[in-house]
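In: fold the stuff below for me.
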Amino acid sequence: MRYDNLRPAVTRVLKGRDRAESERFTALRSHYGFDSFFCRPGITGAHEKGGVEGEIGRFRRTHLVPVPVVGSLAQLNELFAAADAAEDARVCRRPPSADRDCRRDAGDASTTSGGRAVNTSQSSRRARPLWVRLHGSEWVSSVALLAFMALMLLPIYLMISVSLRSEADSAANPFGLPLEPMWQNYVLAFQNMHYLRSVGNTLIITISTAVLTVLTASMAAWAIVRYTRRWTRTAYQVFVAGLTIPVFALITPLYKIMQQIHLLDTFAGVILAYTALTMPFAVFFFAGFLRSVPAEIEEAAAVDGCGLLRTYWSVVFPLLKPATATLSVFVILQVWNDLVLPLVFLSSDSHQTVTLAVYGTIGAHSFSTAQLLPTLVLGVIPLFCIFLLLQRYVVAGIAMGAGK
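Out: Residues are numbered from 1 along each chain as shown. Next comes the predicted model:
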């Protein structure tokens, strides 16, 4: 700021390093006869002087407040702290035109102080408008966020727009608006994919997998975290190692197991397969969350007479509510959008899921956008509604995990 050059001059005076400046400072006080170092409005001579008098005059003209008597470095620091706050408040209230005047006034190359040149380029850089310093980065972040949001929404717009037009119209202008929406495409898709039955089957598989995964994984993670034995550490390492195994390497073993226990083409077989595939990540996720929960809570429950199951259900599981919501959304998204396991384990039409219904609209060598895209939109709608219901808990779980 403009008055920054006053700081070294007064500091030199207080420390006694510049006797000439000290005498000039004392003479200035005696001449005006005040206990405050300031330049009165009617006196302009000090405004044109260099050194301490000139700096005091500039300070007085800029801020229109007297500079109190400085008797120590501590008082000097308090003086400049108060001046900084006043300058920031003044810059926040002034229009952009005043900021241009401020930058023009602060553009002096140097200021003399005690016969020596003082470079003010650093002070000029600090004299940038406060609203630019505060909001410049916000503008860049907002532009980047809008560009990223547009990139994410573009495929959704194309899917909805093309699904409401004929194949010839969408091929001629893919990015155009559906001026005459063809709602008949959705009626045919609703009928061909047996929408209610497909969504019902998918909901049964998805919700059952999420509930079974949450219960078994939370119990396993609680035992691993609270009962630190050699076998619990080994079990945790086995679960973590399961994260590195791709699902395609497990398709054949799972198929053989389901065939031997007669669970092919059943909901139970698919639910158990999904639970086994999601267990490693679920145990890893719950274990990391439970390590931040103090064990004294469970000890207090044991003192009150709670057994293991009662402690888990009444004390531990309620504490896992944010983590459970986050994990449930992850499991639901993975199961709902999966095509591999239903395609391998489910063969009858009465058991087909939404992904199988969408896959049925794709031919061996070609597909119709008027048939495929409406089925995609109809298949996403239930998943979107589930996410809207659970997003509050998901955000809370992510924030709590980040804070811990």
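
In: the helices in the stretch 151-300 of the chain, which residues?
Out: 167-172, 184-192, 195-226, 230-242, 251-260, 267-290, 296-303 (DSSP state H, counting those that start in this stretch).

In: surely T209 touches V331?
Out: Yes. Counting by CB atoms under 8 Å, T209 touches V331, with 6.1 Å between them. All C-beta spots, glycine's among them, are computed from the backbone N, C-alpha and C.

In: what sits in contact with each of the two?
Out: Y274, T278 (CB atoms under 8 Å, 6 or more residues apart in numbering).

In: sorry, back to before: compare the helices of the stretch 151-300 of the chain and report which one is nearest to T375.
Out: For the helices of the stretch 151-300 of the chain, proximity to T375 was assessed by CB to CB; helix 184-192 is nearest, at 4.6 Å.

In: any buried residues in the closest one, and which?
Out: Within helix 184-192, the residues scored as buried using 16 or more other CB atoms under 10 Å are N185, Y186, A189.

In: which elements pack onto it?
Out: Applying 3 or more CB pairs under 8 Å, 6 or more residues apart in numbering; DSSP states H and E, we find helix 184-192 packed against helix 369-403.

In: list the buried ones in the helix it packs on?
Out: Buried residues in helix 369-403 (16+ other CB under 10 Å): 369-375, 377-380, 382-383, 386, 390, 393-394, 397.

In: the inter-axis angle of it versus helix 184-192?
Out: 80 degrees (axes from the mean of the first three to the mean of the last three CA atoms, to 10 degrees).

In: elements contacting helix 369-403?
Out: Judged by 3+ CB pairs under 8 Å, 6+ apart, the packing partners of helix 369-403 are helix 130-163, helix 167-172, helix 184-192, helix 195-226, helix 321-336, helix 354-359.

In: next, the angle from the third one to helix 130-163.
Out: Spelled out, that is helix 184-192. 70 degrees.

In: could you list the low-pLDDT ranges of this structure?
Out: Within the chain, the stretches with pLDDT under 70 are 1-136, 395-404.

In: which one is I207 nearest to, not counting chain neighbours?
Out: I332 (7.9 Å; CB to CB, 6 or more residues apart in numbering).

In: an error on my part: the question was meant for G379.
Out: Per CB to CB, 6+ apart, closest to G379 is V354, 4.3 Å.

In: what's near enough to touch that neighbour?
Out: M193, S198, V199, T202, W336, G379, P382.

In: how close does the fifth one sit to I381?
Out: It refers to W336. 12 Å (CB to CB, to the nearest Å).

In: that older thread, the helices of the stretch 151-300 of the chain: which one's closest to V344?
Out: Nearest of these (CB to CB): helix 251-260, 6.0 Å.

In: which residues does that closest one contact?
Out: Contacts for helix 251-260 (CB under 8 Å, 6+ apart): L264, G269, L272, A273, A276, V340, L341, V344, F345.

In: and of the residues you listed, the nearest to A144?
Out: Nearest to A144 among the contacts of helix 251-260: V340, at 35.9 Å, using CB to CB.

In: quick one on the thing from earlier: between the helices and strands packed on helix 369-403, which gets nearest to I245?
Out: The minimum distance between I245 and those falls on helix 321-336, with 15.2 Å, by CB to CB.

In: report all helices and strands that that closest one contacts.
Out: helix 195-226, helix 267-290, helix 369-403.

In: format the ones you listed as JSON lines; extra columns: distance to G305.
Out: Shown next, in JSON lines, are these (distance: least, CB to CB, whole Å):
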{"stretch": "helix 195-226", "distance to G305": "18"}
{"stretch": "helix 267-290", "distance to G305": "22"}
{"stretch": "helix 369-403", "distance to G305": "29"}
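
In: right, so of those helices, which gets closest to E167?
Out: Closest among the helices and strands packed on helix 321-336, using CB to CB: helix 369-403, at 5.3 Å.
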